[in-house]
Structures are given as structure tokens and as C-alpha cells.
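**Student:** Okay, sequence plus prediction incoming.
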Number of protein chains: 2
Amino acid sequence: MYRVLHRDGMAKRGELVTVHGTVQTPVFMNVGTVAAIKGAVSSVDLAGIGTQVELCNTYHLHVRPGDTVVKQMGGLQKFMHWDKPILTDSGGFQVFSLAKLRKIKEEGVSFNSHVDGRKIFMGPEESMQIQSNLGSTIAMAFDECPPSTAEKDYIRQSVERTTRWLLRCKDEMARLNSLPDTVNPSQMLFGINQGGIYEDIRIEHAKQIAELDLPGYAVGGLAVGESHEEMYRILDAVVPYLPLEKPVYLMGVGTPANILEGVARGVDFFDCVYPTRNGRHGHAYTNRGRLNLKNERYKTDDRPIEEGCDCPACRNHSRAYIRHLLVAGEMLGLRLMVLHNLRFYNRMMEEIREAIEQNRYAAYMREKLDGFARGPEE
Amino acid sequence: MYRVLHRDGMAKRGELVTVHGTVQTPVFMNVGTVAAIKGAVSSVDLAGIGTQVELCNTYHLHVRPGDTVVKQMGGLQKFMHWDKPILTDSGGFQVFSLAKLRKIKEEGVSFNSHVDGRKIFMGPEESMQIQSNLGSTIAMAFDECPPSTAEKDYIRQSVERTTRWLLRCKDEMARLNSLPDTVNPSQMLFGINQGGIYEDIRIEHAKQIAELDLPGYAVGGLAVGESHEEMYRILDAVVPYLPLEKPVYLMGVGTPANILEGVARGVDFFDCVYPTRNGRHGHAYTNRGRLNLKNERYKTDDRPIEEGCDCPACRNHSRAYIRHLLVAGEMLGLRLMVLHNLRFYNRMMEEIREAIEQNRYAAYMREKLDGFARGPEE
């Protein structure tokens, strides 16, 4: 289902064929937490800014509107009116970061909903059942996400449990895909490599999960507090132990620079809330770094956020107008910022794919990083 | 610049030729308070849902970003990226409803900004200067908006002052339009009829301002607490005293039923925040009355808000999905609701114009009101 089309150093140009269409990699997935991109951006808008994959959050959708409601509506694709691929996370990350009064056992995790406090239990089987109800294209394995500050001994035990949970996920997903009323009988399961900042644990774990022959593998538990250099070091160490003939997904990453570095180390899939969250705070991504559009200096600036950008904000509106909307607290300002930032990320991925195809990825990356470092033109 | 194309009873089918394009009446103007429709709706979106005129609020734009900023950016049209007609109100209504520590004199009104408390003075000349800086297609006269509960004696004195102010507005607008650096030298000034719920004062005032030969006339000070029947009674009394060869604008009105009744009494222009405000509160307009989309009954309802509606919400999304967005507090829900409601209003105006042209306005209106009264289908 996945094949490498071209390699340029460690950088891969691949494609993943799914039941909902083919994904060209490297790709940045746009995050629509509760089946909607924050900032009033719809699936129809996403189709217009080059989005290939939308990522939705299992935990949030389980809590609201409920995965059984989504199943009754024909699955996430129909519910959101998005016919391209969707990746759902396992819920694990939210369980370990958002939920209160958490209790971890071998069976899974008990916790209280962050919305109404009701008790929820989620283990590998429950996560697969919820993701099966959502009917996403790619489901993620249910794993433990220990804090990056955890002791090495704890990380080792945690990773061993994550491996046992992965086996249960694989079995349960196979069972669910064979049920007659399943939403998406071709739902894929990606495994997740863990091990904190310990290369030996990461590599050992990567070897183990590689043997399960899953359709894809993620590197999880990074970008949670360690330095960028540590993240790159872990990628350097672990990616070579993941199967070359499978896509690699670096979860929750990251800045444009992080993505460029990740691609250089063989990563296919990325996702991050930065373009949406920073957009909502008035920060616009450009090839010359980030602009704070709320700044007084843009009050009468009639240029677009970035010259040559083809997003709906830059095609139609000036910095001055968008600044006015942001300062006046108008939602339209947030929407235009989010559309711009997502288009910036999506277009960078297009450039990345082209650069790899043309064997000039290293030069492209250097030039891009130099531009970010130079900062905005006056 | 305005001509009546057809009459059906008192209902008029007209057109107003402006420097920014021709407006087909009766028309509902979409309210973009601070140069943006609330609910993350852009000028580009408005063009897609049949909006002819956008209304912007002079007071809000004077406070933020400042009318001199808008002038520097080439006027409201360029600032908002909207090349069709714009009507600006005079600021009077906001001065009398929003501002604090108000003091009225013959020269104008002193008050404190609702945003930062700074002292502002606005009289007829200031209102015209601000609207001239904004460069709208149609400027409204600066009038006093006394509370609907005011004594008849106060209303009489207030209306006399409003007449004196109107003369000053007319002179100042003529002067501003002739300046070399004016944004829109063809800016039109509409006069405003006042007089509360007193027919004799209304009629006397209408006769006086009709003599000024302005390009249009508004009926102001209604829909501020009096009953719908009183509003219709005032329209019945006063519209015949406004020039037939000029467009009539009923300010701040109203519900779909109010608009139908207003058209039946010869009104050309309407504006109201209901479709945007009610949309943001989860209320959707349909031909069978209003739906509260937050209601549990829509949780798994896969129909559009209204069958046959061509708005971006109904073309792409179900009631269940929009309900989910509203309950989860996702901005996209508000945007879809506002787009639907504005399209509902704009489409009703299209139907109204067609019904008048075909001499079946009375029957059309009866049928429409019956539908609203029947309530939603289960």
C-alpha cells in the first residue's frame, strides 16, 4: 500500500494508497480536533488549500458527539463531508495529558472526562473500537505516553506494556475490520515507537514492532519538552530500524524547521497544532519567519501577509485589514490567519516533495532555514 | 439614480444606480459592523450568497481602526475587498445606545468611547467627515435617536433639531464631495425620518425632509421597543409622504415577517443583525420558522438545515454535524449558521422581487407568513 518513489539522501518521496485516495509524502496532516479545524475552517476550505489528510482526535470525538453517533452518521468522512484520508490518534495522548484522576493498569487506563467528569475506561480494545466506529483511514495504536522527564526504568517498563498493547490493538483491529457492519473494513493500523530520549530503548522497541508488519510506523513521545537537537538525535538513531518499505510518522511535530529536519531523516507524515494555534494568536508563517500581525507596524500595511502566497487571505486581504480584524476581535481575522498558515505548511510540503524528486533536498532545506533565520523584511 | 421598475399595490420593485454598481430593490443589507460580518464571513463569502449591499457602522470604525486609517487604505471598499455598494450609518444610533456619559447640544453630542473611554464629539459635520473618510456608497444623516418611551414634547423638539442637523449634513456632504482628495466624490446622503410613534410628527417631518431632494430617505427610530403593529401603522402613515421617486429604507428591521410587511408598505432597503446574531446563537431561519440547532433532536439528523437551500452550510453539511460544532463550541458552527441565515434573507429578497414583478406579492407574502407560522417539520 506504501511505496518509496524516490530517495534523496535519507529523505523519502513516497505514496500511500488508501481506500480514501492516495497520499503523496512527505505530507503535513491538518489537525481538526473535534472533526473541524479550529478557526472556522471547513473540509471544503481544506480541499482548496491543498490538504491531503485531516487528523481528528479520538478522545475528543468519543466524548463529543460520541463515536457511536459518528458511526450512525456513516463515519467521520460523511459526518465532516471530507472524502479524503483521515488519521485518528489513539486517544492515548489526550488521556495522558488532558484527563484527570488517571489510573494505569495492564488492561488500560481509567480516567475522568475533561468535559463532564464522567468515568471513562480506555485500553487497546476500546481505542480500536472507537476508531473503528469513527471509520478513519488510519488508526493509531493505543500507547502509554510517559512524561519526558520519567526515569529510564519507568520508560523501559512502559515501552514493554506499549508493545503488549500493540499486539492487542492489532488483533482487535483485525477482528473489527471483519465485522459485517464496520464503517471502514480497510482501516489501517499504525504502530508507535516509544522510549523517551533513550536510544537503546527506542531501537530495541523499533525492532520489535517492525516485525509486526503493520502498514505504517510512528515515532511518538517526542516534541514534549526535550530539545530539538535531542529529537533529531533520536530520529537519526531510530528511523533506520523502522522498515524502509513502510511510511514513518513523526507525531505532533512541529515547526517548519522541525519538519524540514524530519524529512531529512526519512519521515513521511507530520501533524501539529502550530499553524492553527499560532494563527489564532495572530502569528503568521512566512518564508522569512513569523510575523505578529497584531503589531502596530502593520496598521496601514497594504501588502498581503506574504507576496506570492495563493491562500484565501493573501489573495484577497491586506495585512492592515487582517490586523484590524485581530485587534477588533473579529472571528474572520482568525479564520484568515489559520487558512494562511495551513496553506504555508501545505505548500512547503509540495516544495519538499519536488526538491526530493529533483535530488536537491539538502540545498532546498538550507535555503529555507536561512530564510526563516533572516526574519521579516521591513 | 433611483427608479421604480414596477409596482404591485404599495410594494415597489426598484433599482438604485450607484458608483459602485446597481442595487435591485427591495434589498436586505448584510451587517458588517467593523468592516467584517460577525461569524468569520468575508466579503468574498458574501459575493457567493447573493449579497448586494454591505452595511458598516461608522461609530465602530471611527473608534477602531479609525476612519483616517481606512481613508489611507483607499476607503472601505478597498480595505474590505468588497467592490459592491456599502451603506454606512451615521454613528448616531451607537452614540445614543452604546456610549456612556452622553451630552447633547445643538452642535452635536459629546460622549465617551465604549472601547477606551476617551472623549469623542460627534455632530452632523463630524459624522459626514468620518463617513467621507470611509468612502461608503451611501452615507446616512446624523440624527438624534430618542428612546421610544420619550414624551411627545421631547420628540417634537428632537425632530426639529434632527431637521436642522440634516441641513448641516447636506451642506457638509456637498463640501466634502467636492474636495480633491475625497475617497468617493459621488457619495450619496440619505435623510432620516423620525418622530417616534406619533403619526402627526412623522408626517410633518417627512414633508419637510422630502423637500431637500436627497437621493434616498430612511424611516428611523422604529423596532426599538414598540409593537410590530405600531411599526406597521407608522409605515402606513408616513411612507406616502416620502417621495415615490426615491428609495425608502426601514432602518434596523427586522424579522422575515417584518420585512415582508415592510415591502408591502413600499420599503426598498432593510438591514438587521438578526440573521447573524441569531445564527451565532444556534437559531436557523427556514421557510417553516426558526430551528434551534442546539436541540438534542438534531443529534443524528442527516438532513441539511433546509432542503433545497443553496447556502454553503446546506450544500455540504448536515444538521447533526452543525449541531455537534455548536455544542462543541467550534467557530465553524457559527460561520455555517451565519452563512445559512444570510442566504435565507438574501434569497427571500430575490423571491420578493420576483413576486412583485409578477404582480403576486400579496399571495406570496401570505403563503410565506403561513409557512413561518406552521413551524418546523418533525
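**Tutor:** Received the coordinates, thanks.
**Student:** how about the residues of the stretch 51-200 of chain A near chain B?
**Tutor:** Proximity of the stretch 51-200 of chain A to chain B (Cβ under 8 Å from any Cβ of the partner chain) is limited to residues A:60, A:64-65, A:69, A:72-74, A:79-81. Backbone N, C-alpha and C define where each C-beta goes, glycine included.
**Student:** rerun at 7 Å
**Tutor:** Selection of the stretch 51-200 of chain A residues close to chain B by Cβ under 7 Å from any Cβ of the partner chain yields A:64-65, A:69, A:72-73, A:79-81.
**Student:** Sitting in strands, which of these do you find?
**Tutor:** Among these, no residue falls in strands (DSSP state E).
**Student:** Roughly how far does the most centrally placed residue in chain A sit from chain B?
**Tutor:** Taking Cα atoms, centre = their mean as the criterion, residue A:271 is the residue nearest the geometric centre of chain A, at 2.1 Å. If you measure residue A:271 against chain B using Cβ to the nearest Cβ, to the nearest Å, the figure is 18 Å.
**Student:** can I assume that residue is in contact with residue A:258?
**Tutor:** No: using Cβ atoms under 7 Å, residue A:271 is not in contact with residue A:258; the gap is 11.7 Å.
**Student:** Pull out the buried residues from the particular helix or strand that has residue A:332 in it.
**Tutor:** With secondary structure defined by DSSP states H and E, residue A:332 is part of helix A:331-357. By neighbour count with 16 or more other Cβ atoms under 10 Å in any protein chain shown, helix A:331-357 contains the buried residues A:331-349, A:352-353, A:355-356.
**Student:** give me the residue from the stretch 101-250 of chain A nearest chain B.
**Tutor:** Each residue of the stretch 101-250 of chain A has a distance to chain B, by Cβ to the nearest Cβ, and the smallest belongs to residue A:115, at 9.2 Å.
**Student:** Contact partners for that residue?
**Tutor:** Residues counted as contacts of residue A:115 (Cβ atoms under 7 Å, 6 or more residues apart in numbering or on different chains) are A:63-64.
**Student:** residues near the residue of the stretch 1-150 of chain A found nearest chain B, how many?
**Tutor:** Among the residues of the stretch 1-150 of chain A, residue A:40 lies closest to chain B, at 3.9 Å counting by Cβ to the nearest Cβ. Other residues lying near residue A:40 total 26 when counted by other Cβ atoms under 10 Å in any protein chain shown.
**Student:** thinking again about what came up before, nearest spatial neighbour of the residue nearest to the centre of chain A, skipping sequence neighbours?
**Tutor:** residue A:29 (4.1 Å; Cβ to Cβ, 6 or more residues apart in numbering or on different chains).
**Student:** next one: residue A:79
**Tutor:** Closest to residue A:79 by Cβ to Cβ, 6+ apart is residue A:73, at 4.5 Å.
**Student:** Was I right to think residue A:195 contacts residue A:207?
**Tutor:** No: counting by Cβ under 7 Å, residue A:195 sits too far from residue A:207 to count as a contact (11.4 Å).
**Student:** Is any residue of the helix holding residue A:332 near chain B?
**Tutor:** Yes: if you take Cβ under 7 Å from any Cβ as the test, helix A:331-357 does meet chain B, through A:331-332, A:334-335.
**Student:** Farthest-apart pair in those, please.
**Tutor:** In terms of Cβ to Cβ, the residues of helix A:331-357 next to chain B reach their longest pairwise distance at A:332 and A:334, which sit 7.4 Å apart.
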